[in-house]
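In: missing the sequence, but the structure's below:
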Ligand SMILES: Cc1cc2nc3c(=O)[nH]c(=O)nc-3n(C[C@H](O)[C@H](O)[C@H](O)COP(=O)(O)OP(=O)(O)OC[C@H]3O[C@@H](n4cnc5c(N)ncnc54)[C@H](O)[C@@H]3O)c2cc1C
Ligand code: FES
Ligand code: FES
């Protein structure tokens, strides 16, 4: 089937099988391998992208469902001005180890902060409950989002240096 | 991980969708896809046609219809959870939607899809049972309304016919309601091990009417009728609540799985009936 | 160790800019032109005879290139294992299947979707047989997994097995006598340390590309041990190891499950050779649950004999350990790792018997901690039970039995020599930071109000940093893969002609941040800025002969090799700089990205100038060879022995049994620290996995051997909402078995945490009569334990 999907601001017209999952379309057809696959039941969130402004799991959506949609992936998170504050937060606060959950985690965090730029710790944990990380225990992910939140609100963010011992 | 192939249609009108559904054998309606797609990926469900109803205009609205609110087939969990009308008039449903799954699933999955899918542990069916909602089902044969109490038949089975689409759920206004759950990963995350929705009409001090629905405990979400009766006519004293709680699983077969024994689930059902009642009567 | 800001300081990770932008290259991201995809046909039975396989339907499908069965690959032999005790795994089921999910046939097709379509069309005729899943039943041997072979592969007991390698005293000196003393208190408890599915978020993936022209093969694989894989592929296909290039690029979490050799790695090479095209397989999550290794799976009885003053006179551990159906890399050696630390931090007589039995389930092998979390769990749980029995504070009981700082080096009851330790200082530091007495008062006050608060404590000692060449006799080598290398460390440091630096190491990260930590070591040594240092790893052709990442060994062993190589490069650079500056090498000092003559900072050269000279030998002094690099192989005299203390405060909901972790503190000691941010991160993740075992995760099989928890829907990994923030601190007791004084921190968090939580939950409900609850402490179990105690 013909689909036309805008990905990170670029329009793509492609012929896909109805069964092609959006994540495979992004990874295999468009070569955007930043979006990862970690399961088939929709639990891990490694595949999270933003479709028409909402974080969704691209492994649980057919590419044909995204026909006409605007998709944002981790590859589109940074812009000419540099890294997205969320990406910066993950870097500054050691919010990633193996990095496999990270693109999905970053996209969920971006979506969360677009809705609420000053979330509490509980709200952050709730906002990323659909993203599993096996490496970090989430501690530094929460701090990364807090960093980004401060940065987005024009406050002085706290990096890893504040963190050797708590 | 890799679903079998199928024909895909995305009708632009309900009529088109209904004819497509009537015309194909082994077709599946796709709304949010949060249950259907994982099942297809595991090849446990293999429809030959998938009818995506998300492009039908108008299905994604929550509207105030005077004595009830109407939630269209494409209203997502996230919308149900945050909508002011739902929060005001159908608090239990808003809470159940907010407690469903995670952010991404709530952004995609639909309230009607969850009801139509009828997982035995789904959150929102309990709320719509307690709220006394009505399902609106359409087919090429016409439209009919089904009371929630008659809708759920068994695990993943409802009274919807295979050519019907659940186009909306109508939730009556009035009374107060609450939803409380224990999720599989603790607090309210993931499917409930047990959960209860309670609705009461206590406008004049004493409880003149009540409904309690329980999910995760038996082979389908169910109305705990005798439990509800135990608080009707009372002022919601702790004795009345305890009496209601003790009848939470009367007449149902309680199930056992990795998350709970029969004994534990029976007990949890009482605990959550009690908690829901305490909350709603506060 | 020097303490400049690079070493020991927080440095943002060098790997992150790529990973946070989706530019990391994991195996599944690497594409080869013309590649084909694989799907496996897997057994639905835990035990069955395979009568026949009919692939005609699959082969008739468009886009299908081949369907292979054991008949096609039997000539390649079985999947090699390093510790080859027991039945090794056939590459594909050979006439019978021994666990659910065992691969029976391999389909190769144009893409993954078609491969799966075809796999569905392969018809296998099975004749189901009785399976044995329960460990005690397996021990009884009435159903044998491999007919004619006892299920009990071996029992680690006494000292026969390490005779000649380590001298062990009488295995249980005086314990029986102690039990007969009038004042003896004996506590004993059977406990389960349940099976876990390691679950790295990146599933395993393999991409093989055979080149007939060169007679060589390239394999990209999600591995912690690419060199071992290369050796084994070479041995299996009869080609030398240098014709096999194995690359482990970014690896999305390992935790031991990628410390293994899997049939698919060999099968994809085989298919690529046969079909002349690159061949890829990527595991699905449900497949991962049965096609990759699992961890833990012990049922054991721990017994302490002691006196009311808290003195422990003897510790006994008798456990059955689940090996699964086949032996893979280290399978039967995992309990042995536990034995190395069976007596923990204590000077106590210890006796043990660990029975390794096979069952009709997937193989078990190393999962984060590998034997050591199990050992710490049994010991630290039973110490808690003992403390409660004699009415003494659990912290005091521990202190009463610790090895004292002055006693080190010590030889433990299992014959291990621990070089350093200061356990009491570490525990005291934790208790002081926590405010232990106030915390106990808070718990008691809450309890008086009917709230169930509990405090749990565990301390631990770990053995890691493998390891000494002398341990080769215990199987600590890759000899099983045709690569008779001890578990050495290796590091190559090369200053490039432009003055930048390339470091190649024999170990690679699966999230541990090697690129950053190693750059810190080299930057600190040479004064070359972090940005000018690149760390390469994971390529069996390009990196020095390496061993891999596991057993918290990388920094202690490969880090030390790199440290030594850095020193040698610096010595040579001093000679060259001295020559350029007309000064004696010993008068050359390094600073600010170059070198200068001591006392005259303006007589200086940059690294680029030194390097330029190094690569133009005619400019060098007499007798100095060209180039500026050093390659070092490091073999430590001993393993390292990190330790620590963990403490948790939990609350139990009495009505539901739901457990809430209110606070979690840990004070670990991994010796010197190169990057505290990374070390903290390792501890966080380790604690999370221990908590996951304590509260959430369990691989559950029904009696027919069917895995009921193969998807993430049924195997609940903790999400962000399930965990608290972790409050960390450190003591620093350096080791002298390596020049960095580092001990390893990858597994420590996991080793210390599971029993910390169980101890806390039991503490919360012990006044109701609860003595123990088996993990995972799901609400139903906690609630049931309270009910049982009440009745
Ligand atoms: C990771 C994850 C976690 C989850 N956790 C929870 C949880 O905690 N609690 C919970 O309740 N649910 C949970 N769910 C399920 C989720 O709520 C689904 O969204 C819901 O069950 C189905 O809604 P849907 O719109 O996605 O339906 P779909 O998946 O599109 O459809 C589901 C089924 O219903 C049919 N159907 C859908 N819409 C209609 C309609 N309008 N008319 C007729 N038939 C229809 C389909 O044909 C299909 O058979 C979870 C799902 C995932 C992936
Ligand atoms: S890949 Fe796991 S949720 Fe999408
Ligand atoms: S960083 Fe490895 S899974 Fe999150």
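Out: Looks like it came in fine. Please read all numbers here as calculations on a predicted model, not as lab measurements. Ligands and ions are numbered 1, 2, ... in the order given.
In: Tell me the residue of the stretch 51-200 of chain B that sits nearest chain A?
Out: In the stretch 51-200 of chain B, no residue comes nearer to chain A than residue B:102, which is 2.9 Å away by C-beta to the nearest C-beta. The way it works is simple: take the backbone N, C-alpha and C, and place the C-beta from them, glycine included.
In: for the residue of chain A found nearest ligand 1, what are its contacts?
Out: Ligand 1 sits closest to residue A:42 of chain A, with a gap of 3.2 Å, by C-beta to the nearest ligand atom. When contacts are counted by C-beta atoms under 8 Å, 6 or more residues apart in numbering or on different chains, residue A:42 is found next to A:57, A:59-60, B:34, B:37-38, B:104-105.
In: Please dump those into CSV; it should also carry distance to residue B:186 and pLDDT for every row.
Out: Formatted as CSV, the contacts of residue A:42 follow (distance: C-beta to C-beta, whole Å; pLDDT from 0 to 100):
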residue, distance to residue B:186, pLDDT
A:57, 22, 98
A:59, 25, 98
A:60, 24, 98
B:34, 22, 98
B:37, 27, 98
B:38, 23, 97
B:104, 20, 98
B:105, 18, 98
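In: Close to ligand 3: what parts of chain A are there?
Out: Taking C-beta under 6 Å from any ligand atom, the part of chain A that reaches ligand 3 is made up of A:96-102, A:133-136.
In: among these, which are in helices?
Out: In helices, judged by DSSP state H, the following of the residues of chain A next to ligand 3 are found: residue A:102.
In: Show me the domain layout of chain B.
Out: According to automatic domain parsing, chain B comprises the domains B:7-52, B:62-172, B:177-280.
In: hmm, I was thinking of chain A
Out: If you go by automatic domain parsing, chain A breaks into A:2-76, A:85-152.
In: what residues are up against residue C:472?
Out: With C-beta under 8 Å, 6+ apart as the criterion, the residues that contact residue C:472 are C:479, C:486.
In: remind me which residues of the stretch 501-650 of chain C are low pLDDT?
Out: Residues of the stretch 501-650 of chain C that meet the criterion pLDDT under 70 are absent altogether.
In: Now do the strands in it.
Out: With DSSP state E, counting those that start in this stretch as the criterion, the stretch 501-650 of chain C has strands at C:501-505, C:533-536, C:588-591, C:594-597, C:600-606, C:629-634, C:643-652.
In: Now look at the second one and say if it contacts chain A.
Out: It refers to strand C:533-536. No - where contact is defined by C-beta under 8 Å from any C-beta of the partner chain, no part of strand C:533-536 touches chain A; the two come within 15.5 Å at best.
In: Parallel or antiparallel, list what pairs with that strand.
Out: According to DSSP bridges, strand C:533-536 forms sheet pairs with strand C:501-505 (parallel).
In: Get me the contact residues on the stretch 151-282 of chain B for ligand 2.
Out: Within the stretch 151-282 of chain B, no position is near ligand 2 by C-beta under 6 Å from any ligand atom.
In: Strands of chain A, residue ranges please.
Out: A:2-7, A:10-15, A:48-51, A:54-57, A:70-72 (DSSP state E).
In: cool, and the stretch 201-350 of chain C?
Out: Counting by DSSP E, counting those that start in this stretch, one finds strands in the stretch 201-350 of chain C at the ranges C:205-211, C:216-221, C:244-247, C:279-282, C:295-306, C:312-324, C:350-358.
In: Out of these, which one sits most buried?
Out: For the strands of the stretch 201-350 of chain C, ranked by mean neighbour count under the definition mean count of other C-beta atoms under 10 Å in any protein chain shown, the leader is strand C:279-282 at a mean of 27.
In: Could you point out the longest strand of chain B?
Out: Assignment by DSSP E gives strand B:192-201 as the longest strand of chain B.
In: Give me the distance from the next helix-or-strand element following that strand to the chain's centre.
Out: On the C-terminal side of strand B:192-201, the closest following helix or strand by DSSP states H and E is strand B:209-215. Centre-to-centre, strand B:209-215 and its host chain are 12 Å apart (C-alpha atoms, centre = their mean, to the nearest Å).
In: and strand B:209-215, which strands flank it?
Out: Paired strands of strand B:209-215, with direction, are strand B:192-201 (antiparallel), strand B:222-223 (antiparallel) (DSSP bridges).
In: Kindly provide the whole-number mean pLDDT of it.
Out: Here the mean pLDDT over strand B:209-215 is 98, rounded to a whole number.
In: So which residues make contact with that strand?
Out: For strand B:209-215, with C-beta under 8 Å, 6+ apart as the criterion, the contacting residues are B:120-123, B:125-127, B:129-132, B:175, B:192, B:194-201, B:221-224, B:227-229, B:231-232, B:244, B:248-249, B:269, B:272-273, B:276-277.
In: Run through the bridge partners of residue C:633.
Out: Going by DSSP bridges, residue C:633 is paired in beta bridges with residue C:490.
In: how far away is it from ligand 1?
Out: 48 Å (C-beta to the nearest ligand atom, to the nearest Å).
In: Over to residue C:411?
Out: With distances defined as C-beta to the nearest ligand atom, the gap from residue C:411 to ligand 1 amounts to 52 Å.
In: now do residue C:209
Out: Residue C:209 sits 36 Å away from ligand 1, taking C-beta to the nearest ligand atom as the criterion.
In: List the single closest residue to that residue in space, sequence neighbours excluded.
Out: Excluding its sequence neighbours, the residue lying closest to residue C:209 (C-beta to C-beta, 6 or more residues apart in numbering or on different chains) is residue C:278, at 4.2 Å.
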